[in-house]
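Undergrad: Show me the folded form of this:
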Amino acid sequence: MNATDFPAQPLPDWRRAVLKVGSSLLSGEGGLDPRHAGALARFIEHARTRQRDVVLVSSGAVAAGRHRVAAGGDGLVLRQALASLGQASLVTFWQRLIDRPVAQVLLTHDDLRNRRRYLNARATLRELLRLGALPVINENDAVAVDELKLGDNDNLAAAVASLVDADLLLIATDIGGLYSAHPADPSARPIARVEAITPELLQAASGGAGALGTGGMRTKLDAAAKAGAAGIATALFCGRDGDVVRALHDDRLHGTLVLAQGDRLRARKQWLRHAPSSGRLFVDAGAVAALHRQGASLLPGGVLSAEGEFRRGDVVEVASGRGDAFARGIAQYSAGEIRRIARRHSNEIETILGFRYGESVVHRDDLVLLDSSAHKEATP
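TA: Residues are numbered from 1 along each chain as shown. All right, here's what the predicted structure looks like:
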């Protein structure tokens, strides 16, 4: 069974993707091996030329650390130590393959469960992408106790896809994609498209991981199910096949496409419309016009005042100067902080507050317009 079993199919439209690469594609006898990673790096660079963002979730730190020291065994504490030893090598490995800055970001599941840490992680990743850097994300295995387990980076990749508002999750595997049975079974048939993940599919995907991997196809389908629930499609493909990786340059997939369950942006906007609000921001006519006409973020310079005592990460209403609420969004700063930076330029935020989460009070990805009534105030 190989990638040629899967006919070409178009990828969904995407502007931002998360690419997960497992250790089985990176590890060789001498440590980290660029044989397969080189083609994946060229895909990342090609995406950049098309004004697309790729965030990389890369395994391989444990394998890289094992190459640096003579250590036998496979206990949890040893693996955590090896991961710590190998992180620098892993980032250096990708930096040699990528012709732009590579940034290491280590996360735990706690970072994604805690609302403020979640927002901080998202703000950092957004800024890295704005700067043109490639974020290389891994589990913070040196301090995580229960996250270093079967399939952690597959599930981490799904969580990151939601974190960065990705349109697509790409999972590079060492086989062609999903089959109706274990690929070694002569009766196994390729499954090119999955409308919904069923218990039968999960059973078919169950199987052992490679010697250097921490997850099999079952964990990849679990990750695809989580991404799909967030409205993000998942593509499974063979990262060992250069032709398959090169086809991705032209948005052609030889592998398995797991469809999203619903529209990501629509689901997020619907939630924002109905989530309880904790306060209100009053904005000037210029901000009203910018939000309506340009789909812009709300900057502090357009804020007149803040009502309520909300915290960073709370949902707030956005109203015109006369009090008509026309939008809702997630506040990037607390009410007290917004009062201090209201009517000021974004460049002054750090000087005033002593820190900066970003240039916007409400980012455009976290904002939904309710109606057009307030727009009349901004019309000449």
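Undergrad: mind checking how far stretch 325-334 is from the chain centre?
TA: Here stretch 325-334 is found 22 Å from its chain centre; the criterion is Cα atoms, centre = their mean, to the nearest Å.
Undergrad: Any chance of the backbone angles for L257?
TA: phi -110, psi 120 (degrees, to the nearest 10).
Undergrad: Count the residues that sit near it.
TA: 25 (other Cβ atoms under 10 Å). Any C-beta I mention is one placed from the backbone N, CA and C, and that applies to glycine too.
Undergrad: give the contact list for it.
TA: Applying Cβ atoms under 8 Å, 6 or more residues apart in numbering to L257 gives the contacts Q9, L11, P12, A192, R193, V194, A233, T234, A235, L236.
Undergrad: ok, which stretches of the chain are helices?
TA: Ranges of helices in the chain, per DSSP state H, are 34-49, 61-68, 76-97, 109-113, 115-130, 152-163, 199-205, 217-229, 242-248, 264-274, 285-293, 335-341, 349-353.
Undergrad: Pick the most deeply packed of those.
TA: Of all the helices of the chain, helix 152-163 has the most neighbours on average by mean count of other Cβ atoms under 10 Å, namely a mean of 26.
Undergrad: Dump the C-alpha coordinates for it into CSV.
TA: What follows is helix 152-163, C-alpha atoms only, in CSV (Å, rounded to 0.1, in the frame of the first residue of the first chain):
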residue,chain,number,x,y,z
ASP,A,152,-0.2,14.0,21.9
ASN,A,153,1.1,16.0,18.9
ASP,A,154,-1.7,14.9,16.6
ASN,A,155,-4.2,16.3,19.2
LEU,A,156,-2.0,19.3,19.9
ALA,A,157,-2.0,20.1,16.1
ALA,A,158,-5.9,20.0,16.1
ALA,A,159,-5.9,22.4,19.1
VAL,A,160,-3.4,24.7,17.5
ALA,A,161,-5.5,24.7,14.3
SER,A,162,-8.4,26.1,16.3
LEU,A,163,-6.1,28.4,18.3
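Undergrad: outside of that helix, which residues touch it?
TA: Contact with helix 152-163 is made by 17-18, 20, 22, 55, 57-59, 107, 109, 112, 118, 121-122, 125, 137-139, 166, 168-169, 171, 214-215, 219-220, 222-224, 226-227, 230, 232, 234, as judged by Cβ under 8 Å, 6+ apart.
Undergrad: related to what we said a few turns ago, distance to G177 added to the helices of the chain, as CSV?
TA: Formatted as CSV, the helices of the chain follow (distance: least, Cβ to Cβ, whole Å):
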stretch, distance to G177
helix 34-49, 16
helix 61-68, 24
helix 76-97, 24
helix 109-113, 27
helix 115-130, 28
helix 152-163, 14
helix 199-205, 10
helix 217-229, 9
helix 242-248, 9
helix 264-274, 23
helix 285-293, 42
helix 335-341, 48
helix 349-353, 46
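Undergrad: Kindly reformat those as TSV and extend each row with mean pLDDT.
TA: What follows is the helices of the chain, written out as TSV (pLDDT from 0 to 100):
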stretch	mean pLDDT
helix 34-49	96
helix 61-68	81
helix 76-97	88
helix 109-113	73
helix 115-130	87
helix 152-163	88
helix 199-205	76
helix 217-229	89
helix 242-248	97
helix 264-274	74
helix 285-293	93
helix 335-341	98
helix 349-353	97
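Undergrad: right, and those helices - which one's nearest R312?
TA: helix 115-130 (6.2 Å; Cβ to Cβ).
Undergrad: tell me the angle that closest one makes with helix 152-163.
TA: Angular relation of helix 115-130 and helix 152-163 on a 0 to 180 degree scale: 80 degrees, by axes from the mean of the first three to the mean of the last three Cα atoms, to 10 degrees.
Undergrad: Which strands or helices does helix 115-130 pack on?
TA: Under the contact definition 3 or more Cβ pairs under 8 Å, 6 or more residues apart in numbering; DSSP states H and E, helix 115-130 sits against strand 53-58, strand 102-107, helix 109-113, strand 134-139, helix 152-163.
Undergrad: Please put the alpha-carbon coordinates of stretch 106-121 into CSV.
TA: Once non-C-alpha atoms are left out, stretch 106-121 reads as follows in CSV (Å, rounded to 0.1, in the frame of the first residue of the first chain):
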residue,chain,number,x,y,z
LEU,A,106,6.1,25.2,23.6
LEU,A,107,2.6,24.6,24.8
THR,A,108,0.8,22.4,27.2
HIS,A,109,-2.9,21.6,27.3
ASP,A,110,-3.2,23.9,30.3
ASP,A,111,-2.2,26.8,28.0
LEU,A,112,-5.2,26.0,25.8
ARG,A,113,-7.6,25.5,28.6
ASN,A,114,-6.9,28.7,30.5
ARG,A,115,-8.6,31.6,28.8
ARG,A,116,-5.9,34.2,29.4
ARG,A,117,-3.1,31.9,28.5
TYR,A,118,-5.0,30.9,25.4
LEU,A,119,-5.3,34.5,24.3
ASN,A,120,-1.6,35.1,25.1
ALA,A,121,-0.6,32.1,23.0
